[in-house]
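> I would like the atomic coordinates for the input below:
(one chain, ligands or ions: 1)
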Amino acid sequence: MDVTGHAFVIGGSGIGKACALAFAKYGSRRIVVADINLEAAEAAVAACRDVALDATFHAEAIAIDVTAEESVKAAIARAQEVLGRIDYCVNSAGVAVRTACEVAEANVDEFDAMLRVNVAGPFLVTRAMSAVMKSQSPNPVDPSSQSRGVTRGAIVNLGSASSFAATPRMIQYTTAKHAVAGLTKNAALDNAAYGIRVNSVCPSWVDTPMVRQAMVDVPNLRDMIETSVPLGRIALAEEVADALARHITGHNDEGKSVFLSSDNGDHYRIMGEKQAVANILYSTRETPVDLNDNVDIEKAKSQEPPLHYHNGTVVRMIDFAPDVESPMHRAVSLDYGIVVEGTFKLILDSGEERIMHQGDVSIQRATAHKWHNISGNGTQPGRMMWILLDCKDVYVKGKKMEGYLGELTQYYEGREP
Ligand SMILES: NC(=O)c1ccc[n+]([C@@H]2O[C@H](COP(=O)([O-])OP(=O)(O)OC[C@H]3O[C@@H](n4cnc5c(N)ncnc54)[C@H](O)[C@@H]3O)[C@@H](O)[C@H]2O)c1
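Numbers count the residues shown, from 1 in each chain. Coordinates of the predicted model:
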């Protein structure tokens, strides 16, 4: 994970603190942590100093009230003084439900107050940060991959599973988090032309001071979390800060095994109307593969592969938006497909289908098929990984099974087979 730039994190507790620690641990050189509770921001900064990877690491804590435009402006101006360029902004300030009621009895004051912190807050911060980032110079996203373009910065707003689904007696939180999804989408659209990415991370229940307080305020919340979360447990804050990591190993001059690089994969590609993102984790162009002088690494990085390589392999991770269905297609290859997150339906051209859950594996032997992401009944994103191996031509009763990609052709055509 390359996060060696400068980070502005709002939220010195819970998820915000976990993000600040992850930035420090993975090499960020400068961090500002801001919170309405300055002590929380200071504690997060002290913890960051303890784990920072960069020898010149510098961090500072400041106060901010995300509901007040002047306070947001002043905090961002101070962050600019400390950081110079701001590469990443994480918006993790927030408040939880205090009184859980059905809509007919909902507390109007609490509804207003929650929208102020959880919606107007991210709006004011995203607005001010977008203006700052627009004025910054563009840097390559990944100097080794021109196809990933340039960036002037990245903003992350904390959404929630409540950005997609409703929870009984929590109308104020569901409304606020649906709004965060909307403001993030609109800001992402407005900022795309400037190379500023705006995303929302949407965790389910996470063990933070906010949720521990909510467990005190809302009767039976702990039981509800344990029964509604498929893993049967609340998530840890550091699990939200984690991103997909790829570690490539090799040898040093003494023949000892070492990590050659740790990053997030190569050749990202958005498919459909922003319905899926493909990430190539590795590809090889021959079997057996030549690992000498790391030529395979050069080859893997140099070019985005076709669907699969003749005689080679491709490892591809695809993140699907909620309820997305791929076109029917046949890859003439042996595909091992693994559900990493969520629930998928595998539909064959005969009409046969199977539901696949996390950890389930499909071994597709050049069969025509499509995928449907049905995670959370079509309300949640899902992730699958495929390892594609070459195969000989396939015949059924003497008839050759031809490959076809349908609407997927546009994403693979013209690439070296
Ligand atoms: N914990 C969960 O289960 C969970 C799940 C999904 C989403 N989230 C979201 O993640 C974000 C962070 O939550 P957390 O669980 O880490 O909570 P937390 O209480 O640990 O941290 C929230 C921080 O926001 C600060 N804050 C509150 N009002 C503020 C204001 N007006 N200005 C500036 N700072 C303010 C608080 O002082 C606190 O330090 C929130 O947006 C929350 O809705 C949390």
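
> residue of the stretch 251-400 of the chain nearest the ligand, please.
For the stretch 251-400 of the chain and the ligand, the shortest gap (C-beta to the nearest ligand atom) falls at residue 380, measuring 13.0 Å. C-betas here are computed from N, CA, C, even on glycine.

> how many other residues sit next to that residue?
Residues within reach of residue 380, counting by other C-beta atoms under 10 Å, total 22.

> check residue 19 too.
Other residues within reach of residue 19 by the criterion other C-beta under 10 Å amount to 28.

> show me where the stretch 51-200 of the chain has strands.
When secondary structure is read from DSSP state E, counting those that start in this stretch, the stretch 51-200 of the chain shows strands at 58-63, 88-91, 139-140, 150-151, 153-158, 196-201.

> helices and strands of this structure: which one has the lowest mean pLDDT?
Every helix and strand in the chain was compared by mean pLDDT, DSSP states H and E; the lowest is helix 237-241, with a mean of 61.

> note down every partner strand of the helix or strand following that one and its orientation.
Scanning the chain past helix 237-241 towards its C-terminal end, the next helix or strand to appear is strand 246-251 (assignment: DSSP states H and E). Looking at strand 246-251 with DSSP bridges, its paired strands and their directions are strand 257-263 (antiparallel).

> which positions in the next helix-or-strand element following the strand it pairs with come out as buried?
With elements assigned by DSSP H and E, the helix or strand that comes after strand 257-263 is strand 266-271. Residues 266, 267, 268, 269, 271 are the ones in strand 266-271 that count as buried (16 or more other C-beta atoms under 10 Å).

> from residue 161, how far out is the residue nearest to the third one when sequence neighbours are not counted?
Which is residue 268. By the measure of C-beta to C-beta, 6 or more residues apart in numbering, the closest residue to residue 268 outside its immediate chain neighbours is residue 279, 5.4 Å from it. Between residue 279 and residue 161 the distance is 23 Å, computed by C-beta to C-beta, to the nearest Å.

> residues from the stretch 101-250 of the chain in reach of the ligand?
Remark: the part of the stretch 101-250 of the chain in contact with the ligand comprises 117, 118, 121, 158, 160, 203, 205, 206, 208, 209, 210, 211, using C-beta under 6 Å from any ligand atom.

> which SSE is the last one in?
It refers to residue 211. helix 209-217.

> got a list of contacts for that helix?
Here helix 209-217 makes contact (C-beta atoms under 8 Å, 6 or more residues apart in numbering) with 13-14, 94-100, 205, 221-222, 225, 234.

> one more time with 10 Å, if that's ok
Where contact means C-beta atoms under 10 Å, 6 or more residues apart in numbering, the residues beyond helix 209-217 that reach it are 11, 13-15, 17, 40, 94-100, 170, 173, 205, 207-208, 218, 221-225, 234-235, 237.

> now do residue 113, the pLDDT please.
Turning to residue 113, the model gives it a pLDDT of 97.

> dihedrals phi and psi, residue 396?
With angles defined as degrees, to the nearest 10, residue 396 sits at phi -120, psi 120.

> which other helices and strands contact the longest helix along the chain?
As far as residue count goes, and with DSSP state H defining each element, the longest helix of the chain is helix 171-191. In this structure, helix 171-191 packs against helix 108-115, helix 121-134, strand 153-158, strand 196-201, with contacts taken as 3 or more C-beta pairs under 10 Å, 6 or more residues apart in numbering; DSSP states H and E.

> so which of the ones you listed is the most packed in?
Here the criterion is mean neighbour count by mean count of other C-beta atoms under 10 Å, and of the helices and strands packed on helix 171-191 the winner is strand 153-158, at a mean of 25.

> need the mean per-residue confidence for that one.
Model confidence over strand 153-158, given as mean pLDDT, is 97.

> and the angle from that strand to helix 121-134?
Using axes from the mean of the first three to the mean of the last three C-alpha atoms, to 10 degrees, one finds that strand 153-158 and helix 121-134 are set 170 degrees apart in direction.

> can you list the strands that strand 153-158 pairs with?
For strand 153-158, pairing defined by DSSP bridges yields strand 88-91 (parallel), strand 196-201 (parallel).

> Throw the ones you listed into CSV and include mean pLDDT, thanks.
As requested, those are exported to CSV (pLDDT from 0 to 100):
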stretch, mean pLDDT
strand 88-91, 98
strand 196-201, 94
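
> just to revisit the earlier point, buried subset of the contacts of helix 209-217?
For these, burial is judged from neighbour counts taken by 16+ other C-beta under 10 Å, and it is met by 11, 13-15, 17, 40, 94-97, 100, 170, 173, 205, 207-208, 218, 221-222, 224-225, 234-235, 237.

> so residue 6 sits against residue 24, correct?
No. Counting by C-beta atoms under 10 Å, residue 24 is not a contact partner of residue 6; they are 11.7 Å apart.

> any common contacting residues for the two?
In terms of C-beta under 10 Å, 6+ apart, residue 6 and residue 24 are both contacted by the residues 30, 31.

> more crowded one of the two?
For residue 6 and residue 24, the more surrounded residue by other C-beta under 10 Å is residue 24, and the numbers stand at 26 against 23.

> roughly how far does residue 66 sit from the ligand?
Relative to the ligand, residue 66 is positioned 4 Å away (criterion: C-beta to the nearest ligand atom, to the nearest Å).
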